[in-house]
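[1] Provided below are the primary sequence and the corresponding predicted coordinates.
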Amino acid sequence: MAYQTLIVENNDRVALIRLNRPEALNALSGELISELAAAVTAADADPAIRCIVLTGSEKAFAAGADIKEMAAKSYVDVLTGDLFGPEIERINRVRKPIIAAVAGYALGGGCELAMMCDFIICAENAKFGQPEINLGVIAGIGGTQRLTRFVGKSKAMDMNLTGRFMDAAEAERSGLVSRVVPVDKLVDEAMAAARKIASKSAVATMVAKEAVNRSYETTLREGLLYERRAFHALFATEDQKEGMSAFAEKREAQFRDR
Ligand SMILES: CC(C)(O)CC(=O)SCCNC(=O)CCNC(=O)[C@H](O)C(C)(C)COP(=O)(O)OP(=O)(O)OC[C@H]1O[C@@H](n2cnc3c(N)ncnc32)[C@H](O)[C@@H]1OP(=O)(O)O
């Protein structure tokens, strides 16, 4: 499919999706967000793809929702049109792992989009923020909920109430990102992580993603039981036999996703 605001490359079982609206710092226009939802859904359905990497440019991952496009909308418009709702639901339903590779600004919806991914690798120049308060609104797709779970109440309040940005070092210290790398290594590092994930059992990978995400939505007791049962269930797969035999035989496992 041809996209106007994205560049999609499928490379060695990894879909690399680049947001591509440089003139607006990858602001999330209606067109961009619909194309992104379509691209991640297509990658999720493609049996040749095992992992997705989402990135932007060196200057901006994404500077948030497109303010100029939203400015004149009324309450009735955004409520009845469910602004962002359906597209974000589609992105959140992706079952394959998604890595956000963030350089430059990840603000508002950009920060929220990165947090929707399974983990974030960022460049040394990354800046995260929820500056919606400066526009007379609040975050609308995760900035008050996911950010609080990542960095705790105090920092999430600070960022949502003052609109201040967090740099890469603070983001790593706070647990928002998993690693920080030089800008020119960002995409290579994210692609290497994605290829590593692609080499594992796709069944175990999918179950692991679901189990970690479950920890956000349930009690510890329920989550631990869910995890244990999911672990037990993987003993019904050929990949469990292959993985454990390969360990004992001191060779690389050849997973077949069965
Ligand atoms: C998803 C929700 C519900 O949570 C809501 C949101 O996300 S609301 C949006 C939150 N984001 C912001 O408030 C960030 C807005 N952008 C900026 O503050 C600055 O652009 C900057 C600090 C990221 C970068 O500043 P600078 O380097 O000076 O570049 P600019 O000249 O400002 O920008 C270049 C160009 O991009 C356009 N731009 C930038 N951000 C947006 C945006 N969010 N929406 C629409 N357009 C954006 C900016 O207007 C410039 O274009 P021109 O005016 O020169 O044509």
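    Nice, thanks for sending it over. Residues are numbered from 1 along each chain as shown.
[2] quick check: domain ranges of this structure?
    If you go by the TED database, the domain ranges for the chain are 6-198, 201-249.
[3] Could you identify which of these is most buried?
    Scoring those by mean neighbour count under mean count of other Cβ atoms under 10 Å gives domain 6-198 as the most buried, with a mean of 19. From N, CA and C alone the C-beta is placed, and that goes for glycine too.
[4] Compute the first-to-last residue distance for that domain.
    One end of domain 6-198 to the other measures 23 Å (Cα to Cα, to the nearest Å).
[5] Pull the distance from that domain to the chain's centre.
    6 Å (Cα atoms, centre = their mean, to the nearest Å).
[6] What residues does the stretch 1-150 of the chain have near the ligand?
    Residues of the stretch 1-150 of the chain lying close to the ligand (Cβ under 6 Å from any ligand atom) are 24-25, 27, 63-68, 105, 107-109, 112, 131-132, 135, 139-141, 143.
[7] would you list the domains of the chain in JSON lines and tack on mean pLDDT?
    Formatted as JSON lines, the domains of the chain follow (pLDDT from 0 to 100):
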{"stretch": "domain 6-198", "mean pLDDT": "98"}
{"stretch": "domain 201-249", "mean pLDDT": "97"}
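[8] Now render these as TSV, adding distance to Phe255.
    Putting the domains of the chain into TSV (distance: least, Cβ to Cβ, whole Å) gives the following:
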stretch	distance to Phe255
domain 6-198	10
domain 201-249	4
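[9] what ranges do the helices span in this protein?
    Counting by DSSP state H, the segments of the chain that form helices are 30-45, 67-70, 75-80, 85-92, 109-116, 146-151, 153-162, 168-173, 186-198, 202-214, 220-233, 238-248.
[10] any chance of these in CSV, with distance to Arg13 too?
    Output for the helices of the chain, formatted as CSV (distance: least, Cβ to Cβ, whole Å):
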stretch, distance to Arg13
helix 30-45, 11
helix 67-70, 35
helix 75-80, 39
helix 85-92, 20
helix 109-116, 22
helix 146-151, 28
helix 153-162, 35
helix 168-173, 28
helix 186-198, 4
helix 202-214, 10
helix 220-233, 24
helix 238-248, 16
